[in-house]
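Novice: structural data only, the sequence is not supplied:
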């Protein structure tokens, strides 16, 4: 027994050692965001601010004068709508592919999977021309269909898997009662696949929330920028980068993700590990 | 299976929104990309493109800058993929053995994964700044370097290495979660049988653990290889390809050519080459996975 405790202590020490390296950059980000802005160009650089130095002035600038809450709301708007639309659309696709036969089904599904291999960025040129044609350059709403389209392959693939685990007998019972394909979707599939749809949606939210290249390409207007674009916008604007502002806004942008992550642990792990382990 | 007329209409209605969105915003651009790659197609002159056959492809392959970017992407993938897999697996092995605080560790180790690429890149850019914390620590605290190192200003010592470090740092958590789930499926009696045969910890790892989680290792390999060639934001934010495009990866070079020089045709060909390379790599890896199944 004694030997066991010893091993446990060593294991924990190793884990904590690794953790301190992994978390170090995050701590530095938070600490920089709490330093007075003037101190950021001072030499020598310090890892942590002195206790009496700690200030919230960067945060008050971000939320007050800097008006970055607008970018925050932009991100909330785009991400939420994208996630909801993707959830409905991909559930319908996943349901039909899992349950019914139709011509071209195999081709459709293989094609959807194949697009997961293509780096999203490589389509940016034709997508840019498409956005020009559809007149959605510089439009927040215009981001949404692109985000939905990007998340469809992964979401459909995952939800199809979840639907396949729902017993078909439940569908049959609905049909016996005179229900239709829609009824099964609404009464059986959506409620029972909810955990799966939830974990997919968390990942879709993360994707939309942090998306950078596309929004950076099509949105120019300061007031229409999503958060990642607003954060990167600190560069080149001033001669010196205001690191205090940069990291205050960074911390601020991480908060919603952190909340979702902490409260939805279970869905997170499920979404990650489905498909990775052969059952 | 119900295939009455009503059901068929409902099935079509369920498929329609997905097919429309996917068709317009993904399939159409794929086709368009393919077509563009055969044309002299410059941004701004939406009309008057001319068909030039494989000229764009020839130009891409012979382009010194593309070759550098391709090598950079390849090195990035070759370093970061095993790097994050080994570290992630190591942490998963430790976590699998401890009795307490498993969830706490998992959450904390996962933090870099949920940190956005933009934010993560900026943290690294700040730390590796010439006047930054790391240089101060190396030069003035532990005196390893005589003067500040220009981390971000060279190809090998700098931009690329910092981007790779960031890639590994950000990927460990994902690997940890995936491997931990796999480790938990390894049947305990396999370990017991190995113990009876007198196998030590290292023997058990190589002869029981690794073969049991092979499927997961290949899964991670496929996903991370795709991810490696997808790297864009970190390089763009940390070095922007500087100095002189030496730290560009495939996608940042493609982006530069498309949106800074307007060479849409060239960039389309480049995109297509990348896609083909990735598809081939994924296919090989999937084949390997199939073989494991047998």
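Specialist: All right, it came through fine. Everything numeric here is computed off the predicted structure, so don't read it as measured data.
Novice: so how far is the helix or strand where residue A:95 lies from its chain's centroid?
Specialist: Taking DSSP states H and E as the criterion, residue A:95 maps to helix A:69-99. In terms of CA atoms, centre = their mean, to the nearest Å, the centre of helix A:69-99 is found 11 Å from the chain centre.
Novice: which helix or strand contains the residue sitting nearest the centre point of chain A?
Specialist: Note on chain A: the residue nearest the mean C-alpha position is residue A:206, at 0.5 Å, using CA atoms, centre = their mean. Element membership of residue A:206, judged by DSSP H and E, is helix A:194-210.
Novice: can you tell me how far the residue nearest to the centre of chain A is from chain B?
Specialist: Using CB to the nearest CB, to the nearest Å, one gets 7 Å for the distance from residue A:206 to chain B. Just so you know, the C-beta spots here come from the backbone N, C-alpha and C atoms, and that holds for glycine as well.
Novice: could you verify that residue A:268 is part of a helix?
Specialist: Yes - when DSSP: H, G, I helix; E, B strand; the rest coil is applied, residue A:268 is found to be in a helix.
Novice: neighbours of it, how many?
Specialist: For residue A:268, the tally of surrounding residues (other CB atoms under 10 Å in any protein chain shown) stands at 24.
Novice: now residue A:103
Specialist: 7.
Novice: do the same with residue B:125
Specialist: 22.
Novice: that one - nearest residue in space that isn't next to it in sequence?
Specialist: In this structure, residue B:125 finds its nearest non-sequential neighbour in residue B:238, 5.1 Å apart by CB to CB, 6 or more residues apart in numbering or on different chains.
Novice: show me how far stretch A:185-204 is from its chain's centre.
Specialist: On CA atoms, centre = their mean, the centre of stretch A:185-204 falls 17 Å from the chain's centre.
Novice: follow-up on the earlier one: so which bits of the helix holding residue A:95 are buried?
Specialist: By 16 or more other CB atoms under 10 Å in any protein chain shown, the buried positions in helix A:69-99 come out as A:71-72, A:74-75, A:78-79, A:81-83, A:85-87, A:89-99.
Novice: what angle sits between the helix or strand that that helix is followed by and helix A:69-99?
Specialist: Using DSSP H and E, the next helix or strand after helix A:69-99 towards the C-terminus is helix A:105-115. Counting by axes from the mean of the first three to the mean of the last three CA atoms, to 10 degrees, helix A:105-115 lies at 150 degrees to helix A:69-99.
Novice: ok, back up a step: near chain B too, which of the buried residues of helix A:69-99?
Specialist: A:89, A:90, A:92, A:93, A:95, A:96 (CB under 8 Å from any CB of the partner chain).
Novice: any weak-confidence spans in the chain?
Specialist: I'll assume chain A. A:1-3, A:38-43, A:236-240, A:272-279 (pLDDT under 70).
Novice: please go with chain B instead
Specialist: For chain B, the ranges with pLDDT under 70 are B:1-3, B:44-48, B:130-131, B:140, B:143-144, B:147, B:153-158, B:292-294.
Novice: what's the single longest helix in it?
Specialist: As assigned by DSSP state H, the longest helix anywhere in chain B is helix B:64-97.
Novice: so how far does stretch B:240-253 reach from one end to the other?
Specialist: 10 Å (CA to CA, to the nearest Å).
Novice: quick check: buried residues in it?
Specialist: B:240, B:241, B:242, B:245, B:246, B:247, B:248, B:249, B:250, B:251, B:252, B:253.
Novice: for the helix or strand harbouring residue B:8, packing partners?
Specialist: Here residue B:8 sits within helix B:5-22, counting by DSSP H and E. Helix B:5-22 is packed against helix A:69-99, helix A:140-164, helix A:181-184, with contacts defined by 3 or more CB pairs under 8 Å, 6 or more residues apart in numbering or on different chains; DSSP states H and E.
Novice: list the buried residues for the helix or strand just after it?
Specialist: With elements assigned by DSSP H and E, the helix or strand that comes after helix B:5-22 is helix B:28-36. By 16+ other CB under 10 Å, the buried positions in helix B:28-36 come out as B:28, B:29, B:30, B:32, B:33, B:36.
Novice: Throw those into a markdown table and include distance to chain A, thanks.
Specialist: Output for the buried residues of helix B:28-36, formatted as a markdown table (distance: CB to the nearest CB, whole Å):
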| residue | distance to chain A |
| --- | --- |
| B:28 | 7 |
| B:29 | 4 |
| B:30 | 7 |
| B:32 | 4 |
| B:33 | 5 |
| B:36 | 7 |
